[in-house]
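Engineer: need a 3D model of the following:
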Amino acid sequence: MLNKKTLIIGLDCLSPYLFFDKFFKDLPNISKMAKNSLYGRMRSTVPPITSPAWMSMMTSRTPGDLGIYGFRNRSDNSYEKMSIVTSLSIKDKTVWDYLGSAGKKSIAIGVPPSYPPKKINGIMTGCFLAPDDKGIFAYPKEICGEIKEKLGEYRIDVRDFRTDDKDRLLQEIYSLTTNRFGVAQYLLKNKQWDFFMFVDMGTDRLHHGFWRFCDPEHNKFVKNNKYKNVFKDYYLFLDKKVGELMSIIDKDTTVYIVSDHGAKKIDGCFCINEWLIKKGYLKLKEYPDKVVKLTPSMIDWDNTYAWGEGGYYGRVFFNIKGREPKGIIKKSEQENFIARLKKDLNDIEYINSKADKTIVYEPGELYGKVNGVAPDLLVFFGDLFWRSAGKVGFNSIYTFDNDTGPDDANHDWCGVFMMYDKSIKKGREIDETSIYDIAPTILNNMGLAVPKTMRGKPLKIKS
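Structural biologist: Okay, here's the model as predicted:
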C-alpha cells in the first residue's frame, strides 16, 4: 500500500448509530466499498467536539498537546480574555505538513480550523469559521476566483443553523453539501495531489436541527411529522455523492470516510452556573431578572470559588489565589476543594431523562501534558445526553431549551471510521479505533515514517 494516493471524506458529526446500525445496508455505494474496507466506531477526543477533534485527527495530538479545549478558550488567567480558535492556533505539524516536507502535494478543503488558510504545498481552503467567501478564503489566493468561476460560490456553512425555520435549514444543508462535494470533485479532477481531504458540515447541521423529528425516544418527538425521514434521505444523498467521487478517482487510491465525533439525542440542558450558585461555589453581585449571559462584571469574585462555561460539555474554572486576579482558593485547600466539588457533580440527578451519570475529568488525568489555559474540570452531563447551559437567570438548574438557540442533539463519544483499499480482500468491522490512529495510518500507508511525537499508531492491514 506504500506511496498510494489518499482521499479523506470528512463528514462532521457523522453518527455511527445512523451510519452503521440504521442505514448501512441501504447505502449502495458505501456498502460496495465496505467489501474492501476496514470500518467501525472511532473513539473521538475528550471533549468530542469539532475543535479540537479534526486537528487531533490530523496531528495525532491530544487537546492538551494542542492547548485547545473548545472553540473559545481562556487566553490567560484573567476573567475576561477568551480567544476563538483559528488556523494560527495550531502549532503542531499536520499530515499535510509532513507530506509537504517529503515533496508530496496536498489539498485540504474546509478542515477545521483552517481560517485563515495557511501556505501549504498544495491548496487549502478555509473552514466554517471563515466570515464569508468574499475575501481570501483559500491558499493560493487565485483558487478563490477559480472556485467561484467554476462553481458560482464557495459555501462556508449553513446560516443560523439553530433555527425554527426547518424548511430553510434543510434546503441550506443540501446546498452546502452539494457545494462542498462539488468543490472537491472539481479540484480532484483538475489539480495535482497526493493527499486530498475535505470536511462537510452538513451532517452536523442536520443532526442538531432535526434529531427530535426522527427519534421516537427524543423528549420533543412528534409522531407523523413531515421531517421524520430526513435522516435516511440525507444519508442516501451522501451515499450518492460518495459514489460520484469514487467514479472519478484512481482505483488504487486509499479512501477514508471519517467523522470527528458522533451524535445523540439531547434530553435537556444542565445550567452549570445556576448549579454553582445553588451550591455556594459562585456568588453574583445581583441575580438577574431574565436569562442573560454570565459576564465577569456580574460576579462577586471575593466570594466565588468557581464558575462555568456552557456548550456541548461543561467547563469549570477555579478562582485560585495567586493565579486569578481575585482568587480565594488557597493552594493548601485545592485538593480538598476539588474532591468536594467532584463529589457534588457526581451526585447530580437528572429529570425527565434516563441519564444517571456525570463524567468529570481533571485535564492532567486526561492528557498528561496540558498546554494553554485548560478548564480545571471537564464535565460531561448525563454522559452527553445533556448539554451545559452557561447563562443565568433561569431560576432552575434545568432547562429543556438550549440557551443558544434550538438544538436537538448533543455530540457523542465515537465517530465513524472507514478505510477502503482494493488490497483489502475481505472487508470487516474492526474493534473501536482511536482518532489518534488516523494520521499515523495515513503517513505509514503513504510511505513516510511516523513521528514519535504522535499519540496513535498505524492500523495494520491484513489482506
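Engineer: show the end-to-end separation of stretch 362-376, please.
Structural biologist: End-to-end span of stretch 362-376 (Cα to Cα, to the nearest Å): 6 Å.
Engineer: buried residues, it. List them.
Structural biologist: 363, 366-367, 370-376 (16 or more other Cβ atoms under 10 Å). The way it works is simple: take the backbone N, C-alpha and C, and place the C-beta from them, glycine included.
Engineer: contacts made by that stretch with the rest, please.
Structural biologist: 46, 62-69, 73-77, 306, 309, 315-318, 338, 377-378 (Cβ atoms under 8 Å, 6 or more residues apart in numbering).
Engineer: give me the mean pLDDT for that stretch.
Structural biologist: The average pLDDT within stretch 362-376 is 95.
Engineer: roughly how far is it from the heart of the chain?
Structural biologist: 18 Å (Cα atoms, centre = their mean, to the nearest Å).
Engineer: with stretch 30-49 instead?
Structural biologist: Centre-to-centre, stretch 30-49 and its host chain are 15 Å apart (Cα atoms, centre = their mean).
Engineer: find the centremost residue of the protein, please.
Structural biologist: T50 (1.8 Å; Cα atoms, centre = their mean).
Engineer: in the stretch 251-400 of the chain, which spans are strands?
Structural biologist: Counting by DSSP state E, counting those that start in this stretch, the stretch 251-400 of the chain has strands at residues 254-258, 262-265, 268-271, 306-309, 314-318, 359-361, 377-380, 386-389, 398-399.
Engineer: dump those to a markdown table, plus mean neighbour count and distance to L27.
Structural biologist: Converted to a markdown table, the strands of the stretch 251-400 of the chain look like this (neighbours: other Cβ atoms under 10 Å; distance: least, Cβ to Cβ, whole Å):
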| stretch | mean neighbour count | distance to L27 |
| --- | --- | --- |
| strand 254-258 | 22 | 10 |
| strand 262-265 | 23 | 17 |
| strand 268-271 | 25 | 32 |
| strand 306-309 | 23 | 38 |
| strand 314-318 | 23 | 35 |
| strand 359-361 | 17 | 32 |
| strand 377-380 | 22 | 31 |
| strand 386-389 | 26 | 30 |
| strand 398-399 | 18 | 37 |
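Engineer: rebuild those as JSON lines, extending it with distance to G110.
Structural biologist: Listed next are the strands of the stretch 251-400 of the chain as JSON lines, based on distance: least, Cβ to Cβ, whole Å:
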{"stretch": "strand 254-258", "distance to G110": "14"}
{"stretch": "strand 262-265", "distance to G110": "19"}
{"stretch": "strand 268-271", "distance to G110": "29"}
{"stretch": "strand 306-309", "distance to G110": "26"}
{"stretch": "strand 314-318", "distance to G110": "26"}
{"stretch": "strand 359-361", "distance to G110": "30"}
{"stretch": "strand 377-380", "distance to G110": "27"}
{"stretch": "strand 386-389", "distance to G110": "25"}
{"stretch": "strand 398-399", "distance to G110": "33"}
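Engineer: right, and those strands - which one's nearest T453?
Structural biologist: strand 254-258 (21.3 Å; Cβ to Cβ).
Engineer: next one: D260 from P52, what distance?
Structural biologist: 9 Å (Cβ to Cβ, to the nearest Å).
Engineer: my bad, should have said G415
Structural biologist: To P52, G415 is 13 Å away according to Cβ to Cβ.
Engineer: the more surrounded of those two?
Structural biologist: P52 (33 against 29; other Cβ atoms under 10 Å).
Engineer: show me the contacts for that one.
Structural biologist: 45, 63, 66, 68-70, 85.
Engineer: one more: D65?
Structural biologist: Here D65 is in contact with 59, 92, 367, 369, 371, 455 (Cβ under 8 Å, 6+ apart).
Engineer: with A108 instead?
Structural biologist: With Cβ under 8 Å, 6+ apart, A108 has these contacts: 96, 114, 120, 122-125, 197-198.
Engineer: what about the closest residue to G390 other than its chain neighbours, how many neighbours?
Structural biologist: Using Cβ to Cβ, 6 or more residues apart in numbering and skipping the chain neighbours, the partner closest in space to G390 is G310 (2.8 Å). Residues lying near G310 (other Cβ under 10 Å) number 22.
Engineer: longest helix of the chain?
Structural biologist: helix 166-190 (DSSP state H).
Engineer: relative to K119, how far out is the nearest residue to D356 once chain neighbours are set aside?
Structural biologist: Nearest in space to D356, with sequence neighbours left out and distances taken as Cβ to Cβ, 6+ apart, is Y350 at 6.8 Å. With distances taken as Cβ to Cβ, Y350 is found 48 Å from K119.
Engineer: neighbour count winner among the two?
Structural biologist: Just comparing Y350 and K119: by other Cβ under 10 Å the higher neighbour count belongs to Y350, 20 against 9.
Engineer: pLDDT score for the more buried one?
Structural biologist: At Y350, the model reports a pLDDT of 97.
Engineer: so who does it touch?
Structural biologist: Y350 touches 267-268, 270, 356, 381-382, 385-386, 398, counting by Cβ under 8 Å, 6+ apart.
Engineer: need the max-distance pair from these.
Structural biologist: D356 and Y398 (14.6 Å).
Engineer: per-domain residue ranges of this protein.
Structural biologist: Using automatic domain parsing, the domains assigned to the chain come out as 6-265+411-445, 268-406.
Engineer: quick check: which ranges of the stretch 1-150 of the chain have low pLDDT?
Structural biologist: 1-3 (pLDDT under 70).
Engineer: save the buried residues of stretch 362-376 as TSV, and put in distance to T253 too.
Structural biologist: Listed next are those as TSV, based on distance: Cβ to Cβ, whole Å:
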residue	distance to T253
P363	39
L366	35
Y367	34
V370	38
N371	35
G372	37
V373	41
A374	39
P375	40
D376	45
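Engineer: nearest to N219, of those?
Structural biologist: P375 (27.8 Å).
Engineer: and the closest one, backbone torsions?
Structural biologist: When read as degrees, to the nearest 10, the backbone of P375 gives phi -60, psi 150.
Engineer: now it: how far from F337?
Structural biologist: 15 Å.
Engineer: coming back round to it: which neighbours do D260 and P52 share?
Structural biologist: Common neighbours of D260 and P52 (Cβ under 8 Å, 6+ apart) are T45.
Engineer: thought E80 was touching P296, still the case?
Structural biologist: Yes: using Cβ atoms under 8 Å, P296 is in contact with E80, at 5.5 Å.
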